[in-house]
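> coords please:
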Amino acid sequence: MAIRSEAIGSIPRPPQLIDTIVSFQAGRVSREALDAAYAAALQDTIQRLEETGSPVLTDGEQTKPSFATYPLSGLENLAPDGVTIPFADGHVRRLPRLTSGPFRYGVHAAEYLQAARAYTRKPIKQAVIAASALSLLYPQAGLPDYPREAFLADLINEAESDIRGALDAGAASVQIDFTEGRLSLKLDPSGGLLRSFVELNNRVLERFSAAERVCIGVHVCPGGDQDSTHSADVDYSGFLPDLFQMNVGRFYLQLASEPDRKKTLRVISQVARPEHLVFVGVIDPINPAIESREQVRDRVLEAAFFIPVEQLGTTDDCGFAPFGDDVSTSRETAFAKIRARVAGTALASEALGV
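Below is the predicted model of the structure:
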């Protein structure tokens with residue numbers, strides 16, 4: 001069996017789609033025009049991903065406002081002044097703040113999967129946001145008629161429904177985006193916050209059978225937005241042992257941009273269990289240089305020294321545009337990098353005789 005290869009998720013939106021979104025928000029175009037632009041971008045993304053030879057597709061998150069906030073679409077019990085996430089280049093992303101209960105998702109991920117299914121028969125992976133990320137919506141001061149435990153109970157129910165709905169809709173796998181994991185060690189070097197995040201996510205995962213968890217994975221990276229990161233200075237060595245306590249079957253790990261890949265691979269080899277699939281990042285979405293297939297091959301062979309080949313897969317370090325307004329990477333560059341990953345992984349499979 002050839003080495004597996006999967007994208008993380010997001011693809012830069014076409015300029016026409018971004019312009020249409022801006023025009024819709026300004027009241028210059030109709031909802032019908034926006035929906036048509038979304039559909040055109042989704043169809044083009046699926047077609048071009050197929051042309052790269054990708055064995056598993058994503059919807060490119062073309063119709064999500066961001067990888068993190070899609071469940072909040074349409075909700076009215078939110079204020080804009082929530083937790084801030086600072087990036088190394090000085091820009092900031094901000095989450096909303098919950099103002100009242102109960103907490104419910106406005107949109108579930110299965111809707112994106114069903115829309116993508118109209119354009120392809122190939123397997124589709126569906127990305128979802130981690131419950132731990134959405135737990136940050138709850139205000140530190142609390143809410144008078146909605147205690148934190150009641151919020152968490154609702155959140156866990158909604159996160160379970162999000163994953164289960166995607167599996168029931170035919171997702172080949174479901175990827176939980178957990179980029180706040182590495183950031184948590186920057187906020188709390190003791191690891192207490194990280195362990196609480198893992199515990200919360202495991203409260204969701206314990207509702208799935210062992211067979212279902214084989215198809216559920218977690219993605220981590222130091223953030224990736226506008227060619228910057230929020231936690232690249234956090235050492236993997238203190239992060240991975242706790243991360244691998246998450247009760248999933250798949251781990252999608254940023255690695256191409258890591259300054260000491262061998263050190264990280266050594267830690268992975270110590271914490272990964274035989275039942276785990278480990279997808280290592282061989283493409284750096286932030287670096288504008290397009291990797292050659294030989295570069296990718298060599299990164300895979302490096303990883304195969306530490307990870308059994310039957311457990312090994314390849315991926316991109318992060319999505320290419322996790323936030324809908326991120327235009328720092330061109331659409332053409334993203335697809336070229338994906339082609340390199342697919343071709344380089346095939347070269348490595350040949351070299352390893354699998």
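> okay, and for this structure, where does confidence drop off?
Applying pLDDT under 70 to the chain flags residues 1.
> Could you point out the longest strand of it?
The residue-count maximum for a strand in the chain (DSSP state E) belongs to strand 277-283.
> So which residues of the protein form helices?
For the chain, helices defined by DSSP state H occupy the ranges 15-25, 31-51, 110-117, 131-134, 148-168, 180-187, 192-205, 210-213, 240-243, 261-271, 293-304, 331-352.
> got those as TSV, with mean neighbour count and distance to residue 325 columns?
(C-beta placed from N, C-alpha, C; glycine too.) TSV is the format used below for the helices of the chain (neighbours: other C-beta atoms under 10 Å; distance: least, C-beta to C-beta, whole Å):
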stretch	mean neighbour count	distance to residue 325
helix 15-25	15	7
helix 31-51	17	14
helix 110-117	20	18
helix 131-134	24	19
helix 148-168	19	23
helix 180-187	22	20
helix 192-205	19	26
helix 210-213	13	34
helix 240-243	18	29
helix 261-271	17	31
helix 293-304	20	29
helix 331-352	20	14
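> Between those helices, which one is closest to residue 63.
helix 31-51 (4.7 Å; C-beta to C-beta).
> Now do the closest one: which elements does it pack against?
Packing partners of helix 31-51 (3 or more C-beta pairs under 8 Å, 6 or more residues apart in numbering; DSSP states H and E): helix 15-25, helix 110-117, helix 331-352.
> how about the ones you listed in TSV, adding distance to residue 248?
Output for those, formatted as TSV (distance: least, C-beta to C-beta, whole Å):
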stretch	distance to residue 248
helix 15-25	32
helix 110-117	19
helix 331-352	22
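> right, and those - which one's nearest residue 307?
Going by C-beta to C-beta, the one of those nearest residue 307 is helix 331-352, 11.6 Å.
> now that closest one: how far from the chain's centre is it?
Centroid separation for helix 331-352 versus its chain: 19 Å, with C-alpha atoms, centre = their mean, to the nearest Å.
> what separates the most centrally placed residue in the chain from residue 299, distance-wise?
Geometric centre of the chain, nearest residue: residue 177, 3.9 Å, by C-alpha atoms, centre = their mean. To residue 299, residue 177 is 22 Å away according to C-beta to C-beta, to the nearest Å.
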